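Student: A structural model of the following input is requested.
(4 chains)
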Amino acid sequence: MPNHHIVQAFDAELETLDALIAQMGFMAQKQQEKALNCFLAHDKEAAKKVRDDDEKLDACERHINAHATQIFARRQPVAADLRTVVASFKIAGDLERIGDHAKNMAKRTKRVGDIPILAEVSGSLRKISRLVETMISDVIKAFTSRDAGLALAVLDQDEAVDLLHKCLISDLLSHMKTDTASIAAGTEILFAVKNIERIGDHATNIAEQVYYIVTGRQADEGDGAA
Amino acid sequence: MTNTPIRSPLSASAVAGLKKRYRSESLYRRLGLGAICASLGFLAFLLASILQQGGGAFFKTEIRFDITAEAQMDAEGDAFILLRTTLRNSLQGANTRAARRQAYALAGADAEEQLQAILNGTQSTGATPGDPMPFSIWLSASDEVDFAVKSGLVNLMETDAQNIGQTRLTTTQLNWLAKLESDGEIRTPFNLGFLTNGDSRDAERAGLGGAIMGSLFTLMLCFVTSFFVGVMAAVYLEEFAPKNLFTAFLEVNINNLASVPSIIFGLLGLAIFLNMFGMPRSSSLVGGMVLALMTLPTVIIASRVSLQSVPPSIREAALALGATRIQAVFHHVVPLALPGMLTGAILGMARALGETAPLLMIGMVAFIADPPSSVLDPAAALPVQVFLWSDSPERAFAEKTSGAILVLILFLILMNGAAIMLRKKFEKKW
Amino acid sequence: MSLKLVALSLALAAPNAASYAADKQIRVVGSSTVYPFSTVVAERFGRTTKYRTPIVESTGTGGGFKLFCAGTGTDTPSVSNASRAIKSSEVKLCAKNGVATIIEVKVGYDGIVMANARQSAQFALSTRDIFLALADKIPGPDGTLVKNTNRTWKDVNRALPNAKIEVLGPPPTSGTRDAFVELAMEAGCKSFADIKALKKTNKKKYKQICHSIREDSAFIEAGENDNLIVQRLRANPDALGIFGFSFLDQNSDTVKAATINGVAATFSNISDGSYPISRPLFFYAKAEHVGKMPGLSEFVTEFISDKASGEEGYLSERGLIPMSASERQDLNGKVRLALSK
Amino acid sequence: MVNPMNLQSHSPMPTGITGFPIAAGASTEVAQNIRITAKDVSVSYGDLRALKSIDLDIAENRVTALIGPSGCGKSTFLRCINRMNDLIPSCQVSGEIKLSGHDIYGPEVDVEVLRRHVGMVFQKPNPFPKTIYDNVAYGPRIHGLAGSKGELDAIVEKSLKRAGLFDEVKDRLDRLGTSLSGGQQQRLCIARAIAIEPEVILMDEPCSALDPIATAKIEELIDELKQRYTIVIVTHSMQQAARVSDYTAYFHLGELVERGDTNRIFTSPQHAKTEAYISGRIG
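Tutor: Sure, this is the predicted structure:
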């Protein structure tokens, strides 16, 4: 399929849309990374910065929605173009949610403090967070390069995230059972882990959208579906 | 030119170029206007000169004479004697033999008939027929008198009219006329006979009646024949004929025929209608058919163009409703093309009306005095009449010739006007 | 559609037309010179008798005989006018088509005049002058034939005015031209003894010399329409025109004729034969039509009656030069005899 | 698969997304009556092959849109269905087109009868320059569908009503059809076409000469008409095809590239050529 529209402005608008989403994805991934860092380092200043930066992410979503709406109004996109524009609403929404979860995690920084239990799970915490960050950056890469294979790979990673999440939860629970003093802080960590897991889910959602954009099929339909 | 200072954003050279463009535009416009004016001028000149020469043909000179009861008694019902007696008595000094002959020459060729009609009681004077009673009557004057009166030469008699070579009338005759005119006994009323009489070798009697009838019969026949044959041929060629070498050949030939010199059609008519079918020579039947042959290519071409101008969407609409080709053509296409076809046919007729050459071959260029009463009668036609009269030695026919040309032009204007009316009235927008 | 019906009925009527039409109406064809006289007689005849006015067509003498000799049917002409006597070949053609008996009727004479505008100088020409002025080749000073280069009448004859030779004449298709060539040119031509001698030895060459009119601007073919020539003379005082006497007669107020060999072109001079360029006019009637065509013998009789072609007849008013009384009497007897057969 | 013998049965029409009836490998097929079957249809004008072996089925009481760039053969295919191509002497049609199971190119078929069953509406509104009444009455007259003046009046009124034009023109049926506005003229043409009760209506770019309002009215009308008629529409407007049709077939250089459910064609076409064409890419 030729890559260029007869109307060049349409191409430019679609490219802008792609760029906006890529940028937003990058921002979301950074937020998640910063949130975890300040959580582990109980850096309250950095946590406040993460909370404030979420506003930028929201603005970015509004910008993408407005741009996509304009494309609808002016170009009546069909086929792959239609799928891209429709999906970009959802992708922007998912990225915004990722930002919200990151902010949520940053909020918990002041309540957790320097406690032993944290040190014990910080390794696993870093591991799951690294995994999710990769998912985000992969899915954005899959989006910009229209790579269905990469999108499917992101979908597969979600299971690893879920597995890690489950292990972490059971680790935390056993800690809290033995050390009842850590229950308050442990609960905060529990929520943070949940946040990270949810971010992974959103990345998965985005991967499904990317798959749909590229193939026109839902990811769960299988290859033979019409 | 406006005075408001509008600064041109254009460079000086561009402004100069613009001025040049305006100049050439106005030059072309003036040239076009000049061309129109020139052609209008020529036309006006032509019309004016014909009008000036031929306008008189629509009027005839008449002289009033008093017919005394005594003269009627002497004539004993013979108009010839009565006319001569009256002329002799009315004109002073007509007592020598030569002078009497000059007096007789004032009366027109039909003056005697006018008198005879009264004596026979076929025309009323108020008196009972055969009853001698004085009356006065306007008698038509001879062509020479007619010419002299119309050109105002009668009043010139004191000067040396004859020597400047304007009239063949003698001084004596001019004197009589001057007297009659000063007494109010000469008038020039409208000459209805010019439009109703048949041809005659006497200019004062000659009329276009026969030629008009002949032209009407001929054109009617020409129209009926060429229109139906032409329209059918055009419909076949345009709507039904396969597009192959044969029809292309036909088309080329039809276009050729349209520009074949008209005399060839006369020869064709002579060979086919007269020699092969033995149709009557000089009749409007043959004339109409020959002109139809001549007009046919024009009608076919005009009809085809007219058929082509009916948008194909109309045909498609009818066919898509399940109409057959014949239905589509005759329900829709032909009615829509008809005004155009008629226009073409009328323009063809207008050309046929002005044709002399083909009629020469089939004997319509002849002296035919009796107006025709059917298409089978020998008949002349308007252009033929112009041709014949222009060749007559008698000078009075020059005026008649121009008069006939005027009538012919009037007919042409009427026909072309009808064509334009038809086109305007039935002009369709799709 | 009513128009269709009309067309149909016309088409059906056409083949039957021949039997119905030509319905006993006398048809006259032939010479354009006789045409003006023939039409006047026809009109009078139609007006004063119960018969229909004969149709007179001007086809030229030769064309007239072709039609006349086509057969004896009632759709063929009964009378053919001629500005010359019928040729033997034409008689043969007639006989071949069943027209065995032709009644020849001489109606009078026609003079051909050379005239110029009334206000111009009076010309006195000889036939020799005419030949020298208009022939294509003329005898040079040494007696051999040279191309005619005479430019003015003075070149032709010292006695003539110093005016450019400019003669308007009819085209070769015209009977008037034939007559002019035969009567004027040939007469002038014969005045040269050498050429006259040639007539016996080389007739073809003789004819070629005497009958060829020069083709430069000295002779202008002005078309068949004699009125046109008269009009052009009025506009051009230098020019001379060649046309029939009847046109001179009708336009005597604007043009005047040159004398030929000292004889003026007048009524009496042509009538008595002293004017050199004059020719007899005829018409020929089909004896087979006498009795078959109502009014034919009456028409012929009208034509030769005193009232028509006599000294004071109405045809003389139209410019026909009548025959002498004795000639007329002879002819009358012969024609009446032929008609009564 | 559908039983072709079963064409007359009217099953209630399921709404929503359906698969194209006989599309290869279609999985979500809903039973659908087929009105027209084209098999291996090729058309050539002299040496030029305009259509190459087209197989296409057209569903009853559905709108099928034929789309594709100019010269792709979509109008040619449309005109095969009522044999309007017969009018072009150089046009050669091979293959088989069946209407309700009957071969329309069969030797015993009269084109006039065929065209009474397959009506057509053209690109430019082409009413006859006659009255509105005569425009609609012409078809019934030549086919003798009305026994009396009253019947004819009824047919005219019914047809104009179905075409959604009656209320606008009921007081001026004696006015010229050509005096109406463009959109009204096109609806008059539709009324004229349905006055002879066809089974199929072919529409060749019916809105290309109309403004958006008139276009919308025609599209609304098409939506109503499909209750009674099978409609095949050729259109240059992708949006129009997307709006009005149930099925879409994409033609490219005389070949049928893709056919299918309109919803699917316009969201996720299978073929790159289709995608390029409908999304306005250089192809």
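Student: Excluding chain neighbours, what is closest to the residue in the stretch 51-200 of chain B that chain D sits nearest to?
Tutor: Across the stretch 51-200 of chain B, the shortest distance to chain D (CB to the nearest CB) belongs to residue B:195, at 41.6 Å. Placement of C-beta: from N, CA and C, glycine included. Distances taken as CB to CB, 6 or more residues apart in numbering or on different chains put residue B:208 closest to residue B:195, at 5.7 Å, once the chain neighbours are dropped.
Student: Check what pLDDT that neighbour gets.
Tutor: For residue B:208, the model assigns a pLDDT of 92.
Student: what does residue C:307 give?
Tutor: 85.
Student: right, is the longest strand seen in chain C up against chain B?
Tutor: Longest strand in chain C, counting residues (DSSP state E): strand C:102-117. No - remark: strand C:102-117 sits outside contact range of chain B, by CB under 8 Å from any CB of the partner chain, the gap being at least 8.9 Å.
Student: Tell me which residues of that strand come out buried.
Tutor: The neighbour-count check on strand C:102-117 (16 or more other CB atoms under 10 Å in any protein chain shown) flags C:102-103, C:105-117 as buried.
Student: Kindly report the same for stretch B:267-285.
Tutor: Neighbour-count burial for stretch B:267-285, counted by 16+ other CB under 10 Å, picks out B:268-270, B:273-274, B:278-285.
Student: Now render these as a markdown table, adding secondary structure and distance to residue C:322.
Tutor: Shown next, in a markdown table, are the buried residues of stretch B:267-285 (DSSP: H, G, I helix; E, B strand; the rest coil; distance: CB to CB, whole Å):
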| residue | secondary structure | distance to residue C:322 |
| --- | --- | --- |
| B:268 | helix | 43 |
| B:269 | helix | 40 |
| B:270 | helix | 37 |
| B:273 | helix | 41 |
| B:274 | helix | 37 |
| B:278 | coil | 40 |
| B:279 | coil | 40 |
| B:280 | coil | 35 |
| B:281 | coil | 32 |
| B:282 | coil | 31 |
| B:283 | strand | 36 |
| B:284 | helix | 38 |
| B:285 | helix | 40 |
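Student: Can you confirm whether stretch C:215-223 lies near chain B?
Tutor: No - interface with chain B: stretch C:215-223 contributes nothing (CB under 8 Å from any CB), its closest point being 10.1 Å away.
Student: Show me how far that stretch is from its chain's centre.
Tutor: Centroid separation for stretch C:215-223 versus its chain: 20 Å, with CA atoms, centre = their mean, to the nearest Å.
Student: Regarding it, how distant is the last residue from the first?
Tutor: The first residue of stretch C:215-223 is 15 Å away from its last residue (CA to CA, to the nearest Å).
Student: For that stretch, what does the pLDDT average out to?
Tutor: 84.
Student: Outside of that stretch itself, list whatever touches it.
Tutor: Residues external to stretch C:215-223 that are found in contact with it (CB atoms under 8 Å, 6 or more residues apart in numbering or on different chains): C:133-134, C:136, C:148, C:150-151, C:165-172, C:213, C:228-229, C:232, C:239, C:241.
Student: residues touching residue B:409, list them.
Tutor: B:47, B:50.
Student: and it, what element?
Tutor: In this assignment (DSSP states H and E), residue B:409 forms part of helix B:396-425.
Student: Now do that helix: distance to the chain's middle.
Tutor: 6 Å.
Student: picking that back up, I figured the residue of the stretch 51-200 of chain B closest to chain D hits residue B:211, correct?
Tutor: No - assessed by CB atoms under 8 Å, residue B:195 is found out of contact with residue B:211, at 10.0 Å.
Student: So for these two, which sits in the more crowded spot?
Tutor: Taking other CB atoms under 10 Å in any protein chain shown, residue B:195 and residue B:211 do not tie; residue B:211 has more neighbours (28 against 16).
Student: In a strand, that one, correct?
Tutor: No - Residue B:211: not assigned to a strand; according to DSSP: H, G, I helix; E, B strand; the rest coil it is helix.
Student: Leaving out the residues flanking it, which one is nearest to it?
Tutor: Closest to residue B:211 by CB to CB, 6+ apart is residue B:385, at 3.9 Å.
Student: on that earlier part again, now, which of the buried residues of strand C:102-117 sits nearest residue A:79?
Tutor: If you rank those by distance to residue A:79 using CB to CB, residue C:117 comes first, at 98.3 Å.
Student: May I have the beta-bridge partners of that closest one?
Tutor: With DSSP bridges as the criterion, residue C:117 is bridged to residue C:255.
Student: Kindly provide the distance from the nearest residue to residue C:225 once chain neighbours are set aside to residue C:223.
Tutor: Distances taken as CB to CB, 6+ apart put residue B:391 closest to residue C:225, at 5.5 Å, once the chain neighbours are dropped. Separation of residue B:391 from residue C:223 (CB to CB, to the nearest Å): 10 Å.
Student: go on, residue D:172?
Tutor: Distance from residue D:172 to residue C:223, by CB to CB: 66 Å.
Student: What is the subsequent helix or strand relative to the lowest-mean-pLDDT helix or strand in chain C?
Tutor: Sorting the helices and strands of chain C by mean pLDDT, DSSP states H and E puts helix C:2-20 at the bottom, at a mean of 43. Sequence-wise, the next helix or strand downstream of helix C:2-20 (DSSP H and E) is strand C:27-30.
Student: ok, residues contacting that next one?
Tutor: B:281-282, C:38, C:42, C:54-61, C:63-65, C:67-68, C:76-82, C:283.
Student: With only the CA atoms kept, save it in PDB.
Tutor: What follows is strand C:27-30, C-alpha atoms only, in PDB (Å, rounded to 0.1, in the frame of the first residue of the first chain):
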ATOM      1  CA  ARG C  27     -45.900  25.800 -76.100                       C
ATOM      2  CA  VAL C  28     -43.500  28.100 -77.900                       C
ATOM      3  CA  VAL C  29     -39.700  27.700 -77.500                       C
ATOM      4  CA  GLY C  30     -36.600  29.000 -79.200                       C
END
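Student: Can you confirm whether the helix or strand that that strand is followed by lies near chain B?
Tutor: With elements assigned by DSSP H and E, the helix or strand that comes after strand C:27-30 is helix C:35-48. Yes - counting by CB under 8 Å from any CB, chain B is contacted by helix C:35-48 at C:35, C:36, C:38, C:39, C:40, C:42, C:43, C:46.
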